[in-house]
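Engineer: got a structure for you, letters missing:
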């Protein structure tokens, strides 16, 4: 039995590329990604709902896979359908995974590495642009993101004026790596990527619930990526809270994670409140 015969022979790369191009014009669904780190190991945990056809990004290197939950109808090299049922583990070669999700899926990609920056890891292990359609779709997504963030861009400028800061001075402080520290080992639902507000920003990769701790922004006097890259918004969806000598980033509403292969909502705070909090922290020291 040929797999999904109504879309043609997917063993032909051109057909698969055309299918991906078509799918990028359709409504995308939530496919949460959780990033898990321990010494020498990075686990990319993907959640996919039943009833969708999914095409993964191109994997550059062989890596270990663990299929923890669900059922997928996929296709082998001969163009014949093949049903994958969890639990299953194997080492895959470079390439793309694709298939129809029959039952809700939890899939792990496992990589041996000491790197903890998700943006760097994705550049190392994934090729998102081997199909030009994805690059075009991502540029369109970013253009829309810029447009809907105009209020935040303007309010950020007002914050600078109110506190007597300059964009150059803020940028210099942001890029100062002397007070920065990597995120501690753990599980995270965010990544750093290009922002429609300002420079780089923090985006949800998986759904985050109201009052959920997103991660630590400051450990003592050291900033993590959350402390460095979380942008300002006139209508923020998170806040910084002080706990002893550390500062944590906490959601103030539900925040949506990855949709299709695109970043989820940008995680933002009110810089005015952050500056007050930093002042309180200094007073306690």
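Structural biologist: On my side now, so go ahead. Owing to the predicted nature of the structure, the values given are computational and were not obtained by experimental measurement. Numbers count the residues shown, from 1 in each chain.
Engineer: Could you use CA atoms for every contact and neighbour count after this?
Structural biologist: OK.
Engineer: Give the buried residues for the strand or helix carrying residue 123.
Structural biologist: Taking DSSP states H and E as the criterion, residue 123 maps to helix 118-125. Neighbour counts over helix 118-125 (16 or more other Cα atoms under 10 Å) mark 118, 125 as buried.
Engineer: How about the secondary structure of residue 70?
Structural biologist: The assignment at residue 70 comes out as strand when based on DSSP: H, G, I helix; E, B strand; the rest coil.
Engineer: Quick check: neighbours of the next helix or strand after the helix holding residue 123 in the sheet, parallel or antiparallel?
Structural biologist: Once helix 118-125 ends, the next helix or strand along the chain (criterion: DSSP H and E) is strand 126-127. Each strand that pairs with strand 126-127, with its direction, by DSSP bridges: strand 58-59 (antiparallel).
Engineer: contacts for the partner strand?
Structural biologist: Taking contacts as Cα atoms under 8 Å, 6 or more residues apart in numbering, the residues outside strand 58-59 that touch it are 93, 94, 95, 96, 97, 125, 126, 127, 128, 130.
Engineer: Pull the distance from the helix holding residue 123 to the chain's centre.
Structural biologist: The gap between where helix 118-125 is centred and where its chain is centred comes out at 11 Å by Cα atoms, centre = their mean, to the nearest Å.
Engineer: Now which of the contacts of strand 58-59 would you call buried?
Structural biologist: Buried subset of the contacts of strand 58-59 (neighbour count, 16+ other Cα under 10 Å): 125, 126, 128.
Engineer: which of those residues has the weakest pLDDT?
Structural biologist: For those, the weakest pLDDT value sits at residue 128, with 88.
Engineer: If you count neighbours, what's buried in stretch 202-216?
Structural biologist: By neighbour count, with 16+ other Cα under 10 Å as the criterion, the buried positions of stretch 202-216 are 202, 203, 204, 205, 206, 207, 208, 213, 214, 215, 216.
Engineer: make that stretch 68-87, sorry
Structural biologist: Applying a neighbour-count criterion of 16+ other Cα under 10 Å, the buried positions in stretch 68-87 are 68-75, 79, 81, 84-86.
Engineer: next one: stretch 218-230
Structural biologist: Buried positions in stretch 218-230, judged by neighbour count with 16+ other Cα under 10 Å: 218, 219, 222, 223, 224, 225, 226, 227, 228, 229, 230.
Engineer: could you dump the residues you listed to TSV with distance to residue 246?
Structural biologist: Formatted as TSV, the entries for those read as follows, by distance: Cα to Cα, whole Å:
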residue	distance to residue 246
218	5
219	5
222	9
223	10
224	11
225	14
226	12
227	11
228	14
229	17
230	16
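Engineer: possible to save the residues you listed as JSON lines with secondary structure and distance to residue 198?
Structural biologist: Converted to JSON lines, the buried residues of stretch 218-230 look like this (DSSP: H, G, I helix; E, B strand; the rest coil; distance: Cα to Cα, whole Å):
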{"residue": "218", "secondary structure": "strand", "distance to residue 198": "21"}
{"residue": "219", "secondary structure": "strand", "distance to residue 198": "24"}
{"residue": "222", "secondary structure": "strand", "distance to residue 198": "22"}
{"residue": "223", "secondary structure": "strand", "distance to residue 198": "18"}
{"residue": "224", "secondary structure": "coil", "distance to residue 198": "18"}
{"residue": "225", "secondary structure": "helix", "distance to residue 198": "15"}
{"residue": "226", "secondary structure": "helix", "distance to residue 198": "14"}
{"residue": "227", "secondary structure": "helix", "distance to residue 198": "15"}
{"residue": "228", "secondary structure": "helix", "distance to residue 198": "12"}
{"residue": "229", "secondary structure": "helix", "distance to residue 198": "9"}
{"residue": "230", "secondary structure": "coil", "distance to residue 198": "10"}
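Engineer: distance between stretch 193-204 and the chain's centre?
Structural biologist: Relative to the mean C-alpha coordinate of its chain, stretch 193-204 is positioned 11 Å out (Cα atoms, centre = their mean).
Engineer: about what we covered before: can you tell me which of the buried residues of stretch 218-230 is nearest residue 194?
Structural biologist: Proximity of the buried residues of stretch 218-230 to residue 194 (Cα to Cα) peaks at residue 229, which lies at 10.1 Å.
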